[in-house]
Every structure is written in C-alpha cells, then in structure tokens.
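Colleague: Predicted structure and sequence below. I'll ask about it afterward.
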Amino acid sequence: MKIHLIAIGGSAMHNLAIALHKKGFSVSGSDDEIIEPSRSRLSAYGLLPGKLGWDAANIYPDLDAVILGMHARNDNPELLKARELGLKIYSYPEYIYEQTKNKSRVVIGGSHGKTTITAMILHVLHFHKIDCDYLVGAQLEGFDTMVKLSQETTIAVIEGDEYLSSPIDRRPKFHLYRPDIAVVSGIAWDHINVFPTFENYSEQFKIFIDLINPTGTLIYCSVDPEVKKLAERTENPIRKLSYGIPEYKIADGKTILIQAGIPLLIFGEHNLMNLNGARLVCNELKITDEQFYLAIQSFSGAAKRLELVAKNERSAFYKDFAHSPSKLRATTAALKRQFPDRKLIACMELHTFSSLNEEFLNQYKNSMELADEAIVYFNPHTIEHKKLKSIHPEQVKAAFGSSNISVYTNSTDLISELKNKDWKNSNLLMMSSGNFDGVDFKKLAKEIGLV
C-alpha cells in the first residue's frame with residue numbers, strides 16, 4: 001500500500017505515519033512546518049520530508065490513499081491534485097476506521113477523562129499481554145507510539161475526540177469510528193468556535209451514542225447529568241452500563257480503593273471515575289475485576305494528566321492538561337483533597353480558542369476557588385494570533401469570581417513570582433494545553449527547591 005499524508009507533522013498524523021510504516025506500508029508525507037517531537041520521531045523512521053512545504057508532484061496516480069490532516073487548508077495544492085486524479089482521500093479518523101473495521105472497536109469519548117480512560121485500558125491489556133490496535137492522545141509509558149495498526153489483533157482501542165475530522169470533513173472525529181463498546185465520561189461545553197452553544201455541543205454526543213453498533217455496549221458516567229440524560233433517552237437498542245466514584249480512602253498521601261483493598265499511584269475523584277469506566281470496558285473484553293485491579297496498581301497516569309514533575313518531603317509540583325472550567329475544578333479539587341494539610345498554588349493558562357473568548361470566560365466562575373492561591377495567565381499576542389477580541393486582567397479576574405485570583409500577562413513576571421514564594425508545605429499545580437510560553441517545568445522545579 002502506498003499512502004501519502006498531507007500535514008504529516010501533526011501529533012496524531014505523525015504517529016499514524018509511523019504506525020503505517022511499521023505495518024509495512026510505503027509512507028510519504030508533507031507539511032509546511034514540523035516541530036519537535038514530531039520531527040525527530042519521523043526522522044528516526046526515515047519518514048521526515050526532504051523539504052518543507054506543499055508540492056503537487058508528491059501526488060501521483062499510483063497512490064492507494066491520501067490522508068488529510070487538520071492543519072492543511074482547503075486549497076492545498078496536494079489536496080487539489082489528489083482530487084483531480086480521483087484518488088481516495090481520507091481524514092485520519094476515517095482511515096483509522098478503515099484499518100480497524102473488522103475488529104472489535106472500543107471508543108472512549110467525553111469532554112474530559114478520555115485520554116486517561118484509554119491509557120488505563122491499554123495499561124491493563126499490556127500488563128496481561130493482550131495485544132490490540134490503538135489510538136491515544138498522549139504518549140504512554142511502555143508504548144512506542146500513540147497509534148498502532150496491525151493485521152493480527154482483534155481489538156482496537158480508540159480515543160474518540162469530538163473535534164472536526166479534516167478541513168473538508170466537518171464531522172467530529174468520534175462520529176466516524178462506529179464503536180462496538182463505547183464510553184462517555186462527561187460533557188462540558190468546549191470548542192465553541194465549532195459548537196457555538198452547549199446544546200449543539202451535547203448533540204454531538206447524542207449522535208455518537210446513536211452510532212454505537214446496535215448489538216454493542218455503552219458505558220457511561222451517571223454522575224454527569226447530561227451524560228445520564230443522553231444515555232437514558234437514546235433509542236439505540238444497546239446494552240448500557242453506568243459507573244460513578246468507587247469507595248476510597250486517603251491515607252498517608254495514598255489513595256486506596258476500599259473494595260479491592262489496593263493502593264493507587266493516581267488520585268482524585270475524576271481519576272477514580274475514569275478507573276471505574278476503564279474497569280467496565282475491560283470486563284467487556286473478558287478481563288475480570290481481579291485481573292484489572294492487579295494491573296491498575298502500577299498505572300501512574302497519562303502524560304500531562306496530573307503528572308508529577310518533582311517532589312520532596314514537604315512539597316510537590318504537578319502539571320496537567322486542564323484548561324476547561326470542569327477540568328480546573330476537578331484537578332484543583334483532587335490535589336486539595338489528596339494533600340489537605342498543604343497550601344495549593346494553582347496556575348492556569350488561558351490558551352485555547354474557547355478559553356480566550358470573552359463570551360466563554362464567565363464559564364470559569366469559581367472553577368479555581370478550592371486553591372489557596374489561584375493564578376491565571378494569558379498572553380495578549382496569542383489572542384491577536386487567534387484573531388479574537390482582546391480581554392484584560394480585570395475582566396478575567398471578574399469572570400473567575402473568587403477572591404483568591406491574580407492575573408498575569410507576562411510569563412517572566414509569573415515565574416519570578418513563583419520563584420519568590422516559600423514552598424514549605426505547599427504544592428504547585430500548572431494547568432494548560434500550552435506551555436506558559438515555553439516554561440521549562442523541570443528547571444522551574446529546581447529553581448523553587450523541589451529537586
């Protein structure tokens with residue numbers, strides 16, 4: 001098979017390229033920008049384009065398929081050439097389905113928790129030496145790539161993102177996978193540039209549920225009222241299994257599952273709900289609760305999901321991908337409950353299109369009220385780049401609502417403030433889908449005395 005990927009440098013796209021190369025396909029690709037870690041990883045497999053930019057000469061009649069990444073534009077010269085030649089053009093979720101349509105597909109959807117649930121399932125399968133294809137949105141310990149496709153496996157575990165599939169396919173990605181086993185972990189309005197109302201956003205999850213194989217299973221979080229409503233109202237004659245928060249206790253800074261009697265490396269009620277969802281999926285894959293609990297004890301989390309950066313006896317520094325209001329609430333609550341005797345200093349970066357939109361800002365009201373000190377950072381240049389209306393610190397502070405909020409628009413000033421604090425009996429939490437304009441978290445951990 002000869003495959004060409006337009007916009008090969010993307011996070012999912014470069015992993016897909018590597019997966020297809022490992023499967024024995026002939027893979028080529030192009031992009032106008034390729035940054036790390038995509039550049040090094042593509043280079044290691046001999047897949048890095050010889051030059052940057054688009055070239056219609058990359059497209060020729062013998063190609064079996066062209067896969068179009070979200071970064072490309074409608075008028076991309078390679079896309080236009082592929083259309084002119086009548087080649088089969090896929091979005092990457094379409095091609096994932098094409099490669100897994102004869103397998104049992106597990107698809108994990110939700111505004112939050114989907115990466116962690118996917119990672120938990122893969123960890124348990126890996127622990128018990130059960131092979132599977134997969135697509136996950138973070139690099140996982142013990143896995144070379146974020147995508148695997150093969151001839152031999154009978155199971156495919158797929159993280160189902162609700163964002164758009166490609167520039168020419170405006171369907172949410174998770175609508176294309178048609179699961180046999182599906183999870184919906186939670187619904188909290190996001191991607192407002194695509195889904196302008198909560199009702200429109202929620203409708204995408206209704207469609208996802210309706211697209212489950214009629215003989216399949218829906219596993220859903222009944223703690224979330226919107227998820228519960230959609231699960232109960234669907235006319236799809238699927239089997240339904242609900243989950244919530246398992247009983248637990250915290251002792252000496254460790255979370256212990258009471259029913260199983262085991263300590264965990266992870267913590268927080270949102271992670272415990274994720275664990276319960278993953279357990280039910282594994283049950284459907286013929287893994288017993290005993291086998292699940294044996295494996296899950298060694299699960300340390302997915303990258304950037306309450307990931308420990310550094311710690312000492314008196315303090316800890318965590319980073320998290322959290323950027324939406326529901327994620328901020330859950331993540332700050334998790335750290336405060338896990339370490340109730342420590343001061344929590346929580347920082348978040350307004351970085352996504354939704355978070356920087358002045359109409360969406362009020363959704364953040366009281367989302368960081370559990371932190372002892374809450375810091376919100378945004379870069380005005382990011383707002384200009386996204387062509388959004390400008391916002392100002394006083395507006396942000398008023399939107400968050402709680403009295404513990406301070407706002408910064410210069411990352412140097414923010415880091416200087418953090419370095420000047422006394423970190424004895426205090427924890428630091430940095431939350432963003434970006435990186436606070438290039439802050440080196442390991443270096444910061446050393447500078448505040450945690451290493």
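Modeller: Noted; the coordinates are in hand. Here the structure is a predicted model, which is why all the values come from computation and not from measurement.
Colleague: drop to CA atoms for contacts and neighbour counts, all remaining ones
Modeller: OK.
Colleague: Could you pull out the helices in the stretch 301-450 of the chain for me?
Modeller: In the stretch 301-450 of the chain, the segments counted as helices under DSSP state H, counting those that start in this stretch are 325-338, 380-385, 393-400, 411-419, 441-447.
Colleague: got it, and the stretch 51-200 of the chain?
Modeller: Secondary structure of the stretch 51-200 of the chain (DSSP H, counting those that start in this stretch): helices at 77-85, 92-100, 114-127, 198-210.
Colleague: would you turn the ones you listed into JSON lines with mean neighbour count and mean pLDDT?
Modeller: JSON lines is the format used below for those (neighbours: other C-alpha atoms under 10 Å; pLDDT from 0 to 100):
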{"stretch": "helix 77-85", "mean neighbour count": "17", "mean pLDDT": "98"}
{"stretch": "helix 92-100", "mean neighbour count": "20", "mean pLDDT": "97"}
{"stretch": "helix 114-127", "mean neighbour count": "24", "mean pLDDT": "97"}
{"stretch": "helix 198-210", "mean neighbour count": "18", "mean pLDDT": "97"}
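Colleague: Adding distance to residue 62 as columns, could you present the ones you listed in a markdown table?
Modeller: Below are those laid out as a markdown table (distance: least, C-alpha to C-alpha, whole Å):
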| stretch | distance to residue 62 |
| --- | --- |
| helix 77-85 | 10 |
| helix 92-100 | 18 |
| helix 114-127 | 36 |
| helix 198-210 | 35 |
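Colleague: out of the ones you listed, which comes closest to residue 276?
Modeller: Among the helices of the stretch 51-200 of the chain, the nearest to residue 276 by C-alpha to C-alpha is helix 114-127 (8.9 Å).
Colleague: can you list the helices of the stretch 301-450 of the chain in JSON lines and add distance to residue 36 and mean neighbour count?
Modeller: JSON lines is the format used below for those (distance: least, C-alpha to C-alpha, whole Å; neighbours: other C-alpha atoms under 10 Å):
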{"stretch": "helix 325-338", "distance to residue 36": "26", "mean neighbour count": "21"}
{"stretch": "helix 380-385", "distance to residue 36": "20", "mean neighbour count": "14"}
{"stretch": "helix 393-400", "distance to residue 36": "32", "mean neighbour count": "17"}
{"stretch": "helix 411-419", "distance to residue 36": "22", "mean neighbour count": "14"}
{"stretch": "helix 441-447", "distance to residue 36": "17", "mean neighbour count": "15"}
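Colleague: mind checking which of the helices of the stretch 51-200 of the chain is nearest residue 274?
Modeller: That would be helix 114-127 among those, by C-alpha to C-alpha, at 5.4 Å.
Colleague: which helices and strands sit right next to that closest one?
Modeller: Judged by 3 or more C-alpha pairs under 8 Å, 6 or more residues apart in numbering; DSSP states H and E, helix 114-127 is in contact with strand 104-109, strand 155-159, helix 269-284, helix 289-296.
Colleague: Count the neighbours of the closest residue to residue 82 other than its chain neighbours for me.
Modeller: Distances taken as C-alpha to C-alpha, 6 or more residues apart in numbering place residue 59 nearest to residue 82, at 6.2 Å, with adjacent residues excluded. Around residue 59 there are 24 other residues, counting by other C-alpha atoms under 10 Å.
Colleague: List the contacts of residue 59.
Modeller: 4, 78, 81-82 (C-alpha atoms under 8 Å, 6 or more residues apart in numbering).
Colleague: hey, which helix or strand in the chain has the poorest pLDDT?
Modeller: helix 380-385 (a mean of 91; mean pLDDT, DSSP states H and E).
Colleague: any residues touching it, and which ones?
Modeller: Applying C-alpha under 8 Å, 6+ apart, the contact partners of helix 380-385 are 351, 356, 389-391, 409.
Colleague: for residue 16, what are its contacts?
Modeller: 92, 146-148.
Colleague: One more pass at 6 Å, please.
Modeller: residue 147 (C-alpha atoms under 6 Å, 6 or more residues apart in numbering).
Colleague: Helix, strand, or coil at it?
Modeller: The three-state assignment at residue 16 reads helix, by DSSP: H, G, I helix; E, B strand; the rest coil.
Colleague: Check what pLDDT it gets.
Modeller: What the model reports for residue 16 is a pLDDT of 97.
Colleague: And for residue 358, the neighbour number?
Modeller: Count around residue 358 with other C-alpha under 10 Å applied: 17.
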